[in-house]
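J.: fold the following.
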Amino acid sequence: MEPFSLKRSLHESDWGRLLLHSQYVKSLTIYFDDHSQIQYEQLLSNMPSRAILPNLTSIHFRLLEGDEPPNSELIKLLLPKTVSFVEVEVPDVAEGSAEAVLDALAAVELPTLASFAIEIPILQANAEDLGSRVSQVLHTHRTIETLEIDIYQYRIDEVIGSAGRLPALRSLEVFSHGWETAAGEPNILSLPDNLFPVLHTLKLRGTPDSVKALSSRINSEDLEIIDLYLEPSLDFEASSAAQNSNCLLFSERFSRLKTLVLHLQIPILEEALSPVLECRELETLRIGVGWSCPLWLGENTLARMGMAWPQLGTMELILFVGYHSNNEYMGLAHLQVIAREFRNLVKLKVSFDATTKGNPGFKVEDAVTTTENQLQELDVDGSLLDGNVERKIVTIFRAWWPKLRSLRCAAQMEYYAYSDHWESVITAFRSSNTAQPTLGGSALQAA
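T.: Just a heads-up that it's a prediction; the model follows:
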């Protein structure tokens with residue numbers, strides 16, 4: 001992108017033309033660095049008294065490295081009362097920049113501000129002071145309904161406390177890094193436990209302890225969506241699947257939960273999912289794991305899940321990445337349990353082992369027909385398959401899911417050792433699909 005530059009000072013006629021078009025600007029991204037700051041100062045000295053962006057609804061401040069902070073008066077001029085979304089991003093060390101923007105935000109009236117996001121993933125010299133300034137923004141703008149917080153600091157309890165008192169906050173996303181040490185969690189736990197009264201969506205990224213601490217402060221009967229990215233703590237070497245067994249214990253408090261998304265970069269045992277079985281209204285479940293964190297779900301656990309969640313319509317179980325000979329994988333017998341117990345599933349994405357070696361006791365004739373199943377879309381992303389099972393698996397799928405209309409494999413084919421086998425399966429499925437077949441968007445898709 002070419003840097004913003006003025007060749008000469010703007011005259012009154014120039015502003016007239018600019019203002020004629022600026023009334024149509026709804027969204028703006030503005031960059032601040034030392035070069036642009038000089039140019040903006042020139043603008044400020046000749047700026048008209050009336051609003052320059054009268055209908056702006058969304059603004060993104062991107063604060064780049066520089067010696068001088070943005071001019072606070074200019075920032076205020078860029079924040080008309082029509083703004084409903086503000087994002088502040090500091091991708092690098094930019095001393096004083098975030099403070100200037102946050103102070104200006106706290107000083108202006110934005111009666112329709114509904115969404116605020118702040119992203120400062122790089123440790124700044126005044127990290128704790130930033131937390132106070134973010135809190136002041138939240139105190140000023142009580143209309144915020146959606147909040148995203150990504151601040152690298154060791155004390156975030158003041159921000160969480162202010163966010164929890166927003167009366168209309170429905171969606172909260174927190175990326176917790178830098179405060180998952182001993183200084184962070186006790187301060188979070190010292191907050192009142194009646195925060196976030198109307199929260200509907202919670203998205204957290206952090207260690208099991210930091211996620212546990214923050215979620216314990218939430219007291220909302222409306223929470224329906226939880227999205228967790230669980231990553232290792234600094235002492236990951238000492239962590240084990242057994243030690244992480246309580247990482248989802250908090251979920252049993254949210255009986256109205258409809259959607260649970262888990263991104264696991266830590267090892268857990270299948271027992272860790274037991275608290276989620278109390279969420280009887282669950283409709284969507286997505287679980288994905290990292291390279292070194294395969295998750296094993298036994299047939300009994302799958303059966304319990306199916307009985308606990310009769311309304312489940314979408315499920316993704318990507319429980320391994322790549323193949324490792326010392327790991328256990330779900331096989332065809334596990335898929336049969338899913339077919340038997342999850343009758344209302346409409347969409348299923350699952351990685352499993354369909355090789356002969358991985359299913360020594362399974363026979364095609366054991367694939368009992370389940371006519372009541374509602375499954376229409378199946379994605380076998382990353383699943384294992386060999387030539388022997390390849391010729392039989394379409395028959396198995398048809399028996400389990402007679403309403404199946406779409407079969408695909410979303411794995412990156414150029415790196416996927418089983419692509420030829422699955423391509424043959426999908427071709428066979430397509431030819432047997434007589435209910436108005438249409439071609440999908442990739443070579444490995446039948447719809």
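
J.: three-state assignment of R142?
T.: coil (DSSP: H, G, I helix; E, B strand; the rest coil).

J.: so it versus L110, what's the distance?
T.: 11 Å (C-beta to C-beta, to the nearest Å). For glycine as for every other residue, the C-beta is placed from the backbone atoms N, C-alpha and C.

J.: same thing with L172?
T.: Taking C-beta to C-beta as the measure, L172 falls 19 Å from L110.

J.: more neighbours, the two?
T.: Taking other C-beta atoms under 10 Å, L172 and L110 do not tie; L172 has more neighbours (25 against 20).

J.: for the helix or strand hosting that one, the distance to its chain's centre please.
T.: Under the criterion of DSSP states H and E, L172 resides in strand 171-175. Relative to the centre of its chain, strand 171-175 is centred 9 Å away, using C-alpha atoms, centre = their mean, to the nearest Å.

J.: what sits up against it?
T.: Contact partners of strand 171-175, identified using C-beta atoms under 8 Å, 6 or more residues apart in numbering, comprise 121, 145-150, 160, 163, 196, 199-206, 214.

J.: out of the helices and strands in the chain, which is least certain?
T.: strand 445-446 (a mean of 48; mean pLDDT, DSSP states H and E).

J.: the nearest residue to L319 once chain neighbours are set aside: what's it in contact with?
T.: In space, and not counting its chain neighbours, L319 is closest to L295: 4.4 Å by C-beta to C-beta, 6 or more residues apart in numbering. By C-beta under 8 Å, 6+ apart, the contact set of L295 is L264, P267, I268, E270, I287, V289, L319, F320.

J.: quick check, nearest of these to I396?
T.: I396 lies nearest to L319 out of those, by C-beta to C-beta, at 19.9 Å.

J.: give me the pLDDT for the closest one.
T.: Model confidence at L319, given as pLDDT, is 92.

J.: separation between it and L19?
T.: Distance, L319 to L19, using C-beta to C-beta: 57 Å.

J.: tell me which of those two has more neighbours.
T.: Using other C-beta under 10 Å, the more surrounded residue of L319 and L19 is L319, with 24 against 15.

J.: please enumerate the helices of the stretch 251-400 of the chain.
T.: Assigned helices in the stretch 251-400 of the chain, in chain order: 299-308, 332-341, 387-390, 393-400 (criterion: DSSP state H, counting those that start in this stretch).

J.: will you turn the ones you listed into CSV that also has mean neighbour count, mean pLDDT and distance to A106?
T.: CSV is the format used below for the helices of the stretch 251-400 of the chain (neighbours: other C-beta atoms under 10 Å; pLDDT from 0 to 100; distance: least, C-beta to C-beta, whole Å):
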stretch, mean neighbour count, mean pLDDT, distance to A106
helix 299-308, 17, 97, 46
helix 332-341, 21, 94, 52
helix 387-390, 16, 87, 63
helix 393-400, 20, 92, 58
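
J.: what's near enough to touch A106?
T.: With the criterion set at C-beta under 8 Å, 6+ apart, A106 makes contact with R133, Q136, V137, H139, T140.

J.: re the thing from before, just the buried residues out of the contacts of L295, in ChimeraX syntax.
T.: Command for ChimeraX that selects the buried part of these, burial taken from 16 or more other C-beta atoms under 10 Å:
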select :264,267,268,270,287,289,319,320
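
J.: let me know the closest of the contacts of L295 to K403.
T.: The closest of the contacts of L295 to K403 turns out to be I287 (C-beta to C-beta; 24.1 Å).

J.: the closest one reaches L264, doesn't it?
T.: Yes. The criterion here is C-beta atoms under 8 Å, and I287 meets it with L264 at 7.0 Å.

J.: same question for the helix or strand containing H21, mean pLDDT?
T.: Taking DSSP H and E as the definition, H21 sits inside helix 12-22. The average pLDDT for helix 12-22 rounds to 72.

J.: same question, stretch 194-214
T.: Stretch 194-214 carries an average pLDDT of 91.

J.: end to end, how far does that stretch reach?
T.: The first and final residues of stretch 194-214 sit 12 Å from each other (C-alpha to C-alpha, to the nearest Å).

J.: the residue nearest to T140 when sequence neighbours are not counted sits in which helix or strand?
T.: The spatial neighbour of T140 that comes closest, neighbours along the chain excluded (C-beta to C-beta, 6+ apart), is A106 at 4.9 Å. Per DSSP H and E, A106 falls inside helix 97-107.

J.: give me the buried positions along that helix.
T.: In helix 97-107, counting by 16+ other C-beta under 10 Å, buried: S97, A98, E99, A100, V101, L102, D103, A104, L105, A106.

J.: picking that back up, rebuild the helices of the stretch 251-400 of the chain as TSV, extending it with distance to R62.
T.: Listed next are the helices of the stretch 251-400 of the chain as TSV, based on distance: least, C-beta to C-beta, whole Å:
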stretch	distance to R62
helix 299-308	44
helix 332-341	45
helix 387-390	51
helix 393-400	48
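
J.: can you tell me which residues contact L214?
T.: Neighbours of L214 in contact, by C-beta under 8 Å, 6+ apart: I160, V174, S176, I188, L204, G206.

J.: wait, isn't S97 in contact with F32?
T.: Yes. With contacts counted by C-beta under 8 Å, S97 reaches F32, the gap being 6.0 Å.

J.: coming back round to it: and the contacts of strand 171-175, which are buried?
T.: 145-150, 160, 163, 196, 199-206, 214.

J.: which of those fall within strands?
T.: Of the positions in those, T146, L147, E148, I149, D150, T201, L202, K203, L204, R205, G206 sit in strands, assigned by DSSP state E.

J.: would you mind giving those residues as JSON lines with distance to Q243 added?
T.: Listed next are those as JSON lines, based on distance: C-beta to C-beta, whole Å:
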{"residue": "T146", "distance to Q243": "34"}
{"residue": "L147", "distance to Q243": "31"}
{"residue": "E148", "distance to Q243": "30"}
{"residue": "I149", "distance to Q243": "27"}
{"residue": "D150", "distance to Q243": "27"}
{"residue": "T201", "distance to Q243": "28"}
{"residue": "L202", "distance to Q243": "23"}
{"residue": "K203", "distance to Q243": "24"}
{"residue": "L204", "distance to Q243": "19"}
{"residue": "R205", "distance to Q243": "19"}
{"residue": "G206", "distance to Q243": "16"}
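
J.: between these, which is nearest N219?
T.: Using C-beta to C-beta, these come closest to N219 at L202, 12.1 Å.

J.: tell me which two of the ones in strands among the buried ones among the contacts of strand 171-175 sit farthest apart.
T.: T146 and G206 (19.4 Å).
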